[in-house]
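Undergrad: need a 3D model of the following:
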Amino acid sequence: MSRIVLLLFWLVYWPACAAPEDSTQVQARFDALAQKAGVKTLVLKPGNYQVLIWTKVSLAYGDAQKLYVLDRTDAGLFLSDYSLNWAQNRFKSSERLKHRKRIDQAIWNQLVSDGLLTLPDQSALRGQIFPPSKPASTTTTVHVDKEGEVTIKAPKSTENYVIIGDGVSYRFDIFSAEGHRTYKYHCPAGYGRVRTKVIELQQVVSILKQVFSLVKNPPEICRRINQPKPVYTT
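TA: All right, here's what the predicted structure looks like:
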């Protein structure tokens with residue numbers, strides 16, 4: 001029963017975690033944070049891009065703790081890496097860990113192939129990450145013993161559910177000559193280990209691995225979780 005209550009709680013809570021942050025106020029807050037961190041706003045021609053990848057540890061203060069910036073211009077592909085420091089929820093300072101390192105163009109081509117510019121927000125995948133429960137059988141049996149005691153056995157579901165309440169979220173801000181778009185993923189590696197057929201989760205993990213491999217002391221994507229046990233509902 002306690003598992004069912006926990007499951008219902010997270011199914012209610014999950015939209016708040018994964019809903020696309022496209023409001024004007026939220027975008028203005030991240031734009032201001034990028035400016036405070038020292039990110040240079042580029043004048044982008046057609047075919048040029050500036051990609052900001054924010055990492056947010058769920059139980060830490062602030063909107064993000066790390067920022068990776070990819071500048072794809074006529075001059076080439078460059079990566080910058082920032083650490084963001086907070087005094088509780090007030091931005092305190094930033095440290096630029098990587099000063100615009102030139103990156104091989106082939107890496108950009110692979111990132112684009114993995115969907116860097118076109119991936120949907122994780123909220124659009126909710127039906128695949130949390131599919132409807134499918135009972136192992138559809139038969140409800142009723143047994144009456146000789147004393148008249150009635151036993152009812154209802155169908156049980158063997159669907160695997162994984163719900164990650166903490167971990168790390170990743171926000172992607174894509175700027176181009178055509179405009180701006182944002183999408184966000186929460187623990188794609190954790191969900192991707194269970195929902196292996198959700199290609200977008202695998203693509204996000206691939207993108208993050210490639211970007212993180214270019215910096216010193218690359219962070220682990222999300223966090224390790226145990227293989228989930230089946231959650232039975234009646």
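Undergrad: how close does the nearest residue to R96 once chain neighbours are set aside sit to T118?
TA: Distance criterion CB to CB, 6 or more residues apart in numbering; nearest residue to R96, sequence neighbours excluded, is Y82 at 5.5 Å. In short, each C-beta sits where N, CA and C put it, glycine included. Using CB to CB, to the nearest Å, one gets 25 Å for the distance from Y82 to T118.
Undergrad: pLDDT score assigned to L8?
TA: For L8, the model assigns a pLDDT of 44.
Undergrad: ok, the one 3 residues further on next?
TA: The score at L11 is 45. That number is its pLDDT.
Undergrad: run through the bridge partners of the nearest residue to D104 once chain neighbours are set aside.
TA: Nearest non-adjacent residue to D104, counting by CB to CB, 6+ apart: L77, 7.3 Å away. Counting by DSSP bridges, L77 is bridged to R72, I103.
Undergrad: follow-up on the earlier one: touching, the residue nearest to R96 and A37? I think so.
TA: Yes - the pair Y82 / A37 is scored as a contact, 5.0 Å apart, by CB atoms under 8 Å.
Undergrad: overlap in contacts of those two?
TA: Residues touching both Y82 and A37 by CB atoms under 8 Å, 6 or more residues apart in numbering: L67, S94, R96.
Undergrad: the helix or strand encompassing the second one - what's its average pLDDT?
TA: Using DSSP states H and E, S94 falls within strand 90-103. The average pLDDT within strand 90-103 is 89.
Undergrad: more crowded one of Y82 and T118?
TA: A side-by-side neighbour count of Y82 and T118, using other CB atoms under 10 Å, places Y82 first with 21 against 12.
Undergrad: quick check, that one in a strand?
TA: Yes - counting by DSSP: H, G, I helix; E, B strand; the rest coil, Y82 is located in a strand.
Undergrad: list the residues that contact it.
TA: Neighbour list for Y82: A37, G38, V39, K66, L67, Y68, V69, S94, E95, R96, L97 [criterion: CB under 8 Å, 6+ apart].
Undergrad: relative to I207, which of those residues is nearest.
TA: Y68 (10.5 Å; CB to CB).
Undergrad: ok, how many other residues are close to the closest one?
TA: Neighbours around Y68, by other CB under 10 Å: 22.
Undergrad: I'd guessed it sits against D81; true?
TA: Yes - contact criterion CB under 8 Å: Y68 and D81 qualify, at 5.7 Å.
Undergrad: common neighbours of these two, please.
TA: With CB under 8 Å, 6+ apart as the test, Y68 and D81 both reach V215.
Undergrad: mind listing what's buried in stretch 33-41?
TA: L33, A34, A37, V39 (16 or more other CB atoms under 10 Å).
Undergrad: the residue most central in space within the chain in helix, strand or coil?
TA: The chain has Y185 as the residue nearest its centroid, 1.7 Å off, counting by CA atoms, centre = their mean. Classification of Y185 using three-state DSSP returns strand.
Undergrad: next, the contact list for it, please.
TA: Applying CB under 8 Å, 6+ apart, we find Y185 in contact with D121, Q122, S169, Y170, L201, V204.
Undergrad: thought V51 was touching the fourth one, still the case?
TA: Going back to what we said before, that points to Y170. No - counting by CB under 8 Å, Y170 stays clear of V51, with 11.8 Å between them.
Undergrad: more neighbours, these two?
TA: Y170 (25 against 21).
Undergrad: tell me the spacing between the nearest residue to the more buried one once chain neighbours are set aside and Q35.
TA: Counting by CB to CB, 6+ apart, Y170 lies nearest to Y185, which is 5.1 Å off, once chain neighbours are set aside. Applying CB to CB, the value for Y185 to Q35 is 24 Å.
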